[in-house]
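Here is a sequence with its predicted model. Questions after.
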Amino acid sequence: MSAQGHCLSKGRDNKAVVVGDDYPALLRARRERWSKQDRRLSQRHRWRSEGFHGEAKAWHGLARAIRRGLPNMKIQAYLTAAAINLKRLAAALLALTLPWIVAYSALQLQIAPQRGF
């Protein structure tokens, strides 16, 4: 089934979205009205998201589809995202626990000479 079949009901040829003039996303999208803070937030978001997408393509095989078809590509993208998120979770947990591990190791080194080991 085509993408059009997913989005439109039978008997419809096109789809229209009506957005009011005061819609916040529309106001943010108009670059001439962006404040310095809006520009800074956009650049920060762009930098972060491009980094994640670049990592997925370069290091996790998302540059090429493994299997044919949109459902299979979705599965590949979900698994890639899960792998990247698990890597980030492991790094965050290590960053939280590493100071405790180092402190415990230093304490053990101080206690060991007193015991005569």
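Okay, I see it. All figures in this text were calculated on a predicted structure; none of them were measured in a lab. Numbers count the residues shown, from 1 in each chain.

The most centrally placed residue in the chain and A77, how far apart?
Nearest to the mean C-alpha position of the chain, by CA atoms, centre = their mean, lies F52 at 5.7 Å. Distance, F52 to A77, using CB to CB, to the nearest Å: 12 Å. For every residue, glycine as well, the C-beta is placed using N, CA and C.

cool, S49 as well?
Applying CB to CB, the value for S49 to A77 is 14 Å.

Ok, V18 next?
31 Å.

Looking at those two, which has the bigger crowd around it?
Shown here are V18 and A77; by other CB atoms under 10 Å, A77 has more neighbours (14 against 5).

Helix or strand: which one has the more buried one?
helix 70-115 (DSSP states H and E).

Who are the packing partners of that helix?
The contact analysis (3 or more CB pairs under 8 Å, 6 or more residues apart in numbering; DSSP states H and E) places helix 70-115 against helix 36-59.

From the contact counts, what lies against the helix it packs on?
Other helices and strands packing on helix 36-59, by 3+ CB pairs under 8 Å, 6+ apart, are helix 70-115.

if you set the cut-off to 6 Å instead, what comes out?
Using 3 or more CB pairs under 6 Å, 6 or more residues apart in numbering; DSSP states H and E as the contact test, no helix or strand touches helix 36-59.

Give me the angle between that helix and helix 70-115.
If you take axes from the mean of the first three to the mean of the last three CA atoms, to 10 degrees, helix 36-59 sits at 90 degrees to helix 70-115.

Show me the contact partners of helix 36-59.
Here helix 36-59 makes contact (CB atoms under 6 Å, 6 or more residues apart in numbering) with L62, A63, T80.
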